[in-house]
Each structure stands twice: as structure tokens, then as C-alpha cells.
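Undergrad: Next come a sequence and a model predicted from it.
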Amino acid sequence: MKGLHNCINFILLLYLYGICTTQLLINVKNQGGDIFLETITSNVTEDVITLEFQRSDGTLVTQLIDFRNEVQIIKVLVLGEEERGQNQYQVMCFVNHFYKMDFISSDAMSKLRQKNPGTIRVAEEDKGYMNYTMDLFVDVSKSPIISKHVATFCSDALETTFTRNEDLKQWVQRPGTSESLLMAAVHNFTLSSVPRHGENTTRSTSLTKCADTSNFRASCSCSLELCIGWYPCGLKFCKSKNDGKKVASTYRCGIKTCKRYFLFSYYSKMKQNCLWDE
């Protein structure tokens, strides 16, 4: 009986997981005409949405939105260029404040259904560029104060997880957030004073842009451009017809879709890790 009871509980958990987690597969056409597959997963229980796709150059991009903590994490896995001396891939995590209004809620996302799964999608609105100058390292082991998802999501980017002072100013306003713990979860990073991971000393020389140096061993400020080509950025509402007897009512009649470009500037130990920025 105990085994049967455990089996029933396991099936129930799987059932509940199926209710709370939904996934959409979206065929997206980018500006260059390439078509790639986006996977969008919504978890209502955690109040999280995850979006993932692979670019034509093999770069894997994963965006996680933690609505409860107003946190966006964009993880980028870049394959190495063996012909240029890069034998391994590298992973970067960019952790930023997120406004809930910029994406539909996880609950609304979980209710979306695909009538024509094979359709090639193009975003309705171009949200333009967002420039992020990442001036802080995140200590992943202390990151739960920012979001519990950072530690698991960025576990393979222990020395390359970044955020900004600007984002800390937003998160410190959250109820129950400790400013001291928040500050303890980051390391200073500025273009004029860049400590290596684990060091307390700083360097006085300014950090050159990777594109402006020919020294492949020199540390520099790397720039990485990304585009989220299609995502549900809001809900559409329509008004019912007024037949003269009833007041017209408003109802949800679809979603609004957007695309957005991101430009991240961040510290790179050496130009060799930033060969695309030339």
C-alpha cells in the first residue's frame, strides 16, 4: 500500500507540473531572413518565463524572467573558434532589473495556445536597443538575495556573471530585501578600476575597448550584441459590439509581439575571449 501511495503521489506531482508548466515552440524569422526555433516555457508556480534559441553561429541564448523579484537573466553560451585559438566555449550571465510590464505574465503565457505551430512568426513591434554597461561582478554563491534562479542558471559562469549599480538601486526597494546582503553579493567593477575575481586590490589603468587593442592577452571591455526576435510583450484587448441595449465590454483578444536588441558591455580577462568585437 505504501508503494502504491508513493506512486499515486508521484503521478499527482507530474500532473500538477504539467498544469503549472507550459511550453511553446515558435518559428521566428530574423532580420537577415534566417529562421530559428524559440522555446518559451512558462512556470506559473515559480512565476518564471524562460525563452531560449540558438543563433546561426551556434551561440545559445537563454533568457529567464523572474517576475517575483523583477529580475531578468540573459545567459549566453558562445562556441570557441578553434582556428583562432579558442578550444572551449565560454558562458556569460547578465543579470538586470526587469519591469513586469515589458513581458506578459507567466499566468497569461501559460494560457497561450498555438493554432498553427508551423507558422513563421515576425514580431509586430521593434522595441529598439537597450544598452547595458555592466559595472559589477555577481558573486553567484551569494546571489539568492537577487534571485534564487541566478545560482542554478549561472552555475557555469562563476567569474562571468555581471550586473549594474543601477539595477541594485531598483532591487533594494523591494520589500524584505537587505541592502547589506545585496551589496555583499557583488564585486566592484568600473572601467577605470577592475579587480580580478577574488582580489581586493584594483588597477589604476583605464580599461580599453577590446575593439581598440591589438594585444590578445590584454584585459578589455567587450561588447556583445543580442536580439530577442519574438516574444509576447503584452495583451491585446477588444471591445464587444454595442447593440444599444448593453454597454460595450472589453475582453482579451490576443497578444502583442515584440523584438528587442541588447548591447552588453562587460569586463573580459583578455581580448582573446572577445574576438567578435573587432
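TA: Perfect, I can see it now.
Undergrad: burial count for residue 143?
TA: For residue 143, the count of nearby residues is 25 (other CB atoms under 10 Å). (C-beta placed from N, C-alpha, C; glycine too.)
Undergrad: In this structure it contacts residue 152, no?
TA: No. Residue 143 lies out of contact with residue 152 (CB atoms under 8 Å); the separation is 9.8 Å.
Undergrad: Listing request: residues of the stretch 51-200 of the chain with sub-threshold pLDDT.
TA: 83-87, 189-200 (pLDDT under 70).
Undergrad: switch to 80 and redo it
TA: 80-87, 114-115, 117, 188-200 (pLDDT under 80).
Undergrad: looking at this, residue 224 is in a helix?
TA: No. Going by DSSP: H, G, I helix; E, B strand; the rest coil, the assignment for residue 224 is strand, not a helix.
Undergrad: Identify the residues contacting it.
TA: The contact partners of residue 224, taken as CB atoms under 8 Å, 6 or more residues apart in numbering, are 76, 92, 263, 264, 266, 274, 276, 277.
Undergrad: let's go with 6 Å and repeat that
TA: residue 264 (CB atoms under 6 Å, 6 or more residues apart in numbering).
Undergrad: And it, how close does it get to residue 106?
TA: Plainly put, residue 224 is 27 Å away from residue 106 if you go by CB to CB, to the nearest Å.
Undergrad: How about residue 174?
TA: Relative to residue 106, and taking CB to CB, residue 174 is found at 18 Å.
Undergrad: Then residue 188?
TA: Where residue 106 is concerned, residue 188 sits at a distance of 34 Å (CB to CB).
Undergrad: ok, these two, which is more surrounded?
TA: Legend: neighbour count by other CB under 10 Å for residue 188 and residue 106, higher for residue 106 (24 against 13).
Undergrad: Give me the phi and psi for the more buried one.
TA: Main-chain torsions, residue 106, degrees, to the nearest 10: phi -60, psi -30.
Undergrad: Which residues are in contact with it?
TA: By CB under 6 Å, 6+ apart, the neighbours of residue 106 are 42, 44, 47, 49.
Undergrad: Equivalent analysis for residue 158, please.
TA: Counted by CB under 6 Å, 6+ apart, residue 158 has contacts residue 140.
Undergrad: Can you point out the buried residues in stretch 123-133?
TA: 123, 132, 133 (16 or more other CB atoms under 10 Å).
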